[in-house]
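[1] turn this into a model:
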Amino acid sequence: MASEATSVRHHPLEPSGAGAAIERWTLSAGPYEASVLTLGATLHTLTAPDRAGRPAQLLLAADQLAQLLGPARHYGAVVGRYANRIDGSRVTIDGEEHPLAPTGGGVTIHGGPDGFAHRMWEAEETEGGVRLRLHSPDGDQGFPGALDVTVSYTLDAAGELVIAYHAVTTKPTVVNLTNHAYVNLAGEGSGDVLGHLLTLDADEYTPADERQIPYGRTEPVAGTPFDFTVATPIGKSVHDDHPQLVGPGGYDHNWVLRPRPADGPPVRAALLEDPVGGRTLEVLTTEPGVQVYTANKFQGAVTGESGVPYGPFAGIALETQHFPDSPHHPAFPSTVLRPGEEFRSTTVLRFGTN
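    This is a model prediction of the structure:
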């Protein structure tokens with residue numbers, strides 16, 4: 001049963017055709033509404049008011065099935081079994097090497113070409129939200145061990161959306177799950193996010209090569225364009241003597257979050273603010289890192305409900321997760337999950353106004 005404050009309903013994404021097999025679950029609480037698709041356990045839409053009380057849908061999203069299966073396949077989806085990149089498309093666990101399904105460029109990204117974002121998840125109502133389940137068999141995309149995963153989304157009238165992950169395995173494996181939503185606090189299709197203010201509770205980042213593969217070390221953000229320790233426009237480096245990362249490049253990097261207590265509650269990782277409409281988004285997490293991607297390579301392949309094609313910087317993804325390529329860097333927090341252990345991770349999206 002849903003809580004009194006939150007209504008939960010579901011219906012097919014489309015009334016007929018292939019889209020009828022995809023369920024859309026809608027959570028409504030006060031002025032906030034979120035929808036979740038069983039395809040990819042996708043956080044599809046999220047509506048919140050601005051400082052004047054005007055609602056807007058804030059996630060980049062496509063409704064057409066062809067786009068959901070194609071260029072928009074990661075928009076808001078749960079990506080795994082391993083979010084982000086694994087170099088060389090292979091992992092070694094306990095001395096045994098496991099080749100992984102490659103996605104190109106010498107890496108496996110977001111779990112492989114048929115990762116969790118492409119799967120149909122089973123859904124059930126839970127109090128205040130929806131819980132989705134997926135079974136990933138032993139050897140799926142090359143990863144060892146059968147993995148049983150659950151992801152739950154719960155929404156309340158205070159504007160807090162909680163995403164909770166759980167997984168268990170039958171063999172030692174690696175697990176790194178995240179949600180890949182793109183946010184524009186002015187509303188999807190409203191333009192770019194370069195004027196949004198971003199604060200990251202991170203004093204270090206993981207420098208990486210041109211393929212976004214970390215070198216295996218961390219470096220301070222101070223004195224670099226990676227310094228978002230105070231609210232800074234996404235489109236402005238904090239120091240003019242460094243090359244701008246936006247424009248032809250943009251951000252697609254992992255920040256090392258300040259330490260959080262083991263097995264403790266989610267701690268703030270980021271604050272995103274739209275100074276025009278006043279909407280804010282606090283991201284809290286139990287994860288050690290956040291990958292910030294500013295949609296640098298978007299070229300209008302996806303059009304949302306607004307009818308506006310999404311170009312570069314149309315949104316920003318704040319992907320709470322373990323670090324990219326962690327299996328190859330022992331100094332990074334481990335992503336190994338063993339039989340008898342439980343993978344647990346929680347991220348909170350807290351919307352408000354200022």
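[2] name every strand pairing with whichever strand or helix holds residue 204 and say which way it goes.
    Secondary structure assigned from DSSP states H and E places residue 204 in strand 202-205. Taking DSSP bridges as the criterion, strand 202-205 sits next to strand 219-220 (antiparallel), strand 252-257 (antiparallel) in its sheet.
[3] between the ones you listed, which gets nearest to residue 234?
    Relative to residue 234, the nearest member of the strands paired with strand 202-205 by C-beta to C-beta is strand 252-257, separated by 12.7 Å. Where you see a C-beta, it was placed from the backbone N, CA and C, and this is true even at glycine.
[4] which neighbours in the sheet does the following helix or strand past the closest one have, and how are they oriented?
    Downstream of strand 252-257, the first helix or strand assigned by DSSP H and E is strand 267-273. Here strand 267-273 is paired, per DSSP bridges, with strand 197-200 (antiparallel), strand 279-285 (antiparallel).
[5] just give me the neighbour total for residue 175.
    25 (other C-beta atoms under 10 Å).
[6] okay but it is in contact with residue 79, surely?
    No: in this structure residue 175 lies outside contact range of residue 79 using C-beta atoms under 8 Å: 11.6 Å.
[7] and residue 184, what does it touch?
    Residue 184 is in contact with 58-60, 190-191, 193, 196, 314-316, counting by C-beta atoms under 8 Å, 6 or more residues apart in numbering.
[8] now residue 312
    192, 250, 295-299.
[9] end-to-end on stretch 70-80?
    End-to-end distance for stretch 70-80, by C-alpha to C-alpha, to the nearest Å: 17 Å.
[10] hmm, I was thinking of stretch 294-312
    8 Å.
[11] mean confidence for the helix or strand harbouring residue 148?
    Assigned by DSSP H and E, residue 148 belongs to strand 147-155. In this model, strand 147-155 carries a mean pLDDT of 98.
[12] hey, what's the closest residue to residue 38 other than its chain neighbours bridged with?
    Excluding the flanking residues, the one nearest residue 38 by C-beta to C-beta, 6 or more residues apart in numbering is residue 23, at 4.4 Å. Note on residue 23: beta-bridge partners by DSSP bridges are residue 12.
[13] from residue 34, how far off is residue 23?
    14 Å (C-beta to C-beta, to the nearest Å).
[14] same thing with residue 345?
    For residue 345, the distance to residue 34 - C-beta to C-beta - is 19 Å.
[15] where does pLDDT dip in the stretch 1-150 of the chain?
    1-4 (pLDDT under 70).
[16] if you set the cut-off to 50 instead, what comes out?
    1-3 (pLDDT under 50).
[17] quick one: mean pLDDT over stretch 163-178.
    Mean pLDDT, stretch 163-178: 98.
[18] what's the first-to-last distance across it?
    One end of stretch 163-178 to the other measures 9 Å (C-alpha to C-alpha).
[19] got it, and stretch 227-236?
    Per C-alpha to C-alpha, stretch 227-236 runs 11 Å from first to last residue.
[20] related to what we said a few turns ago, so residue 345 and residue 34 - more neighbours on which side?
    A side-by-side neighbour count of residue 345 and residue 34, using other C-beta under 10 Å, places residue 34 first with 25 against 21.
[21] run through who's touching the helix or strand containing residue 47.
    Element membership for residue 47 (DSSP H and E) is strand 42-49. Residues outside strand 42-49 that contact it (C-beta under 8 Å, 6+ apart): 24, 31-37, 55-59, 61, 68, 75-78, 117, 153, 159, 161, 163, 179, 181, 279, 349, 351, 353.
[22] what does stretch 12-28 give?
    Stretch 12-28 is contacted from outside by 6-11, 33-39, 44, 63, 65, 68, 120, 123, 125, 128-130, 153-155, using C-beta under 8 Å, 6+ apart.
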